[in-house]
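Enquirer: below are the sequence and a predicted model; questions follow.
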Amino acid sequence: MDYLVIARKYRPQTFTEVSGQEVVARTLTNAITAKRLHHAYLFTGPRGVGKTSMARILAKALCCTGPDDAGTGPTTTPCGTCQNCRMITDSTHPDVAEIDAARYNGVDAIRELSDNASFSPSLARFRIYVLDEVHMLSTPAWNALLKLLEEPPAHVRFIFATTEADKVLPTVLSRVQRFDFRAIDLDDIVKRLREILVAEKVTLPDAILFRVARAAGGGMRDAQTLLDQLIAVAGGQVSEEDLNLLLGAARGEDLQKIAGHLIAGEAAAALTALDRVSAGGVAPGTLLDQLVDHFRAIMLVQACGIDSPVVRRLGNTSADLEAQAKAATPEKAMRVCQILIGSQQALRQGVDPRLQLELSFVRIAGLGQVADVETLLKRLERLEAGGAQAASSGAGGKPSRPR
């Protein structure tokens, strides 16, 4: 049997299995229970957060006939075993059409869709159209769909999915119920990855799982794809070095050394370490992102302590991190983060990554011990008070008589 990738093998099959989208799931299940189903839905949000999966689950919920094909009405818990559920899962149902709007975005394709929508469903109780990347439809295509979208036949339901809702016409937005999918929390991604690892009989430390989740940027599919690749490259024994290899990232000890040189103000040593890491194949942009995360961890250790859940969630609770947090003032840690974030923004404007990183290193190493504004203001107040006292003493004293 052909291998099925993790992202497809463990795709959610019920509303409760969609991680991080509890509000959307609750709203849809309540609508089904109360029989207040809208004729058109728009699912929008970042990539890999469950939009298309939720659309398939909603289609199954509307078409499910129960495990014994008893012909029951829409349900909040599709059985997954009836003919309709199985065919929707396999994308072979004649009444549930999944259309890639990025490919079929012309007016002719939409006209054909409109003509077919007038026919009654052959197997299910609804004819459902799932249009993915719907923002790619041309304006003439939308215009051809508007009337049908406003007053569709009773047996037709539309589910639109897009990552760019701002590109959808306002006349369309006014005709659909919009659901905004959010980026999935780090803990929710890690929880789901743990469940997958149990099913796959693979063991991974939480530190690596948190790094995988952070690298996914809030997308469950990206996290599962990276996990799949990590298991394959490791051959059963997964290490942090394998993850660094996949991410093109610097090793933890190299990152610690660079951060230590920057905190100590050793520009030459930091630049030498940068050259060595870059020669090893680590992209400057990737190293910059790692440094931002590292100094963020230092800042959080200073504010919350090394044993705080906020710090543990970052997956880095080493003794070296705690030592570096003690070596730098909170003001310096914040200033370093600001400089590095500014460098990230500069990279988006096309600045040479290596040059920008070198400029940041020299600038950070030259910071010295940064004092906060409140401390500087108190020093200034003391100086002003001392100067005023000296001035008043000089003005109040008797002038000496010339000899």
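Expert: Everything's here; your move.
Enquirer: what number of residues lie near Leu380?
Expert: 10 (other C-beta atoms under 10 Å). Where you see a C-beta, it was placed from the backbone N, CA and C, and this is true even at glycine.
Enquirer: also Val49?
Expert: Neighbour number of Val49 under other C-beta under 10 Å is 26.
Enquirer: what's the answer for Val336, then?
Expert: 26.
Enquirer: try Lys167
Expert: 11.
Enquirer: likewise Gln83?
Expert: 14.
Enquirer: ok, it touching Thr65?
Expert: Yes: using C-beta atoms under 8 Å, Gln83 is in contact with Thr65, at 7.3 Å.
Enquirer: got the phi/psi numbers for the nearest residue to Glu98 once chain neighbours are set aside?
Expert: Distance criterion C-beta to C-beta, 6 or more residues apart in numbering; nearest residue to Glu98, sequence neighbours excluded, is Val130 at 4.7 Å. Dihedral angles of Val130 (phi, psi; degrees, to the nearest 10) stand at phi -110, psi 110.
Enquirer: Val130 and Lys167, how far apart?
Expert: Counting by C-beta to C-beta, to the nearest Å, the separation of Val130 from Lys167 is 18 Å.
Enquirer: cool, and Ile88?
Expert: Where Lys167 is concerned, Ile88 sits at a distance of 28 Å (C-beta to C-beta).
Enquirer: what stretches of the stretch 1-150 of the chain score poorly on pLDDT?
Expert: For the stretch 1-150 of the chain, the stretches with pLDDT under 70 are 1, 68-71.
Enquirer: give me the nearest residue to Leu271, chain neighbours excluded.
Expert: Phe361 is the one closest to Leu271 (C-beta to C-beta, 6+ apart), at 5.8 Å.
Enquirer: what sits up against the helix or strand hosting the one you found?
Expert: Here Phe361, judged by DSSP states H and E, is contained in helix 353-365. For helix 353-365, the external contacting residues (C-beta atoms under 8 Å, 6 or more residues apart in numbering) are 261-262, 265-267, 270-271, 274, 278, 283-285, 287-288, 336, 339-340, 342-343, 346-347.
Enquirer: export that helix as CSV, just CAs?
Expert: In CSV, the C-alpha atoms belonging to helix 353-365 read as follows (Å, rounded to 0.1, in the frame of the first residue of the first chain):
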residue,chain,number,x,y,z
PRO,A,353,21.3,39.5,5.0
ARG,A,354,24.9,38.9,5.9
LEU,A,355,25.7,42.6,6.0
GLN,A,356,22.6,43.4,8.1
LEU,A,357,23.6,40.7,10.6
GLU,A,358,27.1,42.0,10.8
LEU,A,359,25.9,45.5,11.4
SER,A,360,23.5,44.2,14.1
PHE,A,361,26.4,42.3,15.8
VAL,A,362,28.7,45.4,16.0
ARG,A,363,25.9,47.6,17.2
ILE,A,364,24.8,45.1,19.9
ALA,A,365,28.4,44.5,21.1
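Enquirer: got the buried residues for it?
Expert: 353, 356-358, 360-361, 363-365 (16 or more other C-beta atoms under 10 Å).
Enquirer: alright, that wraps it up for me.
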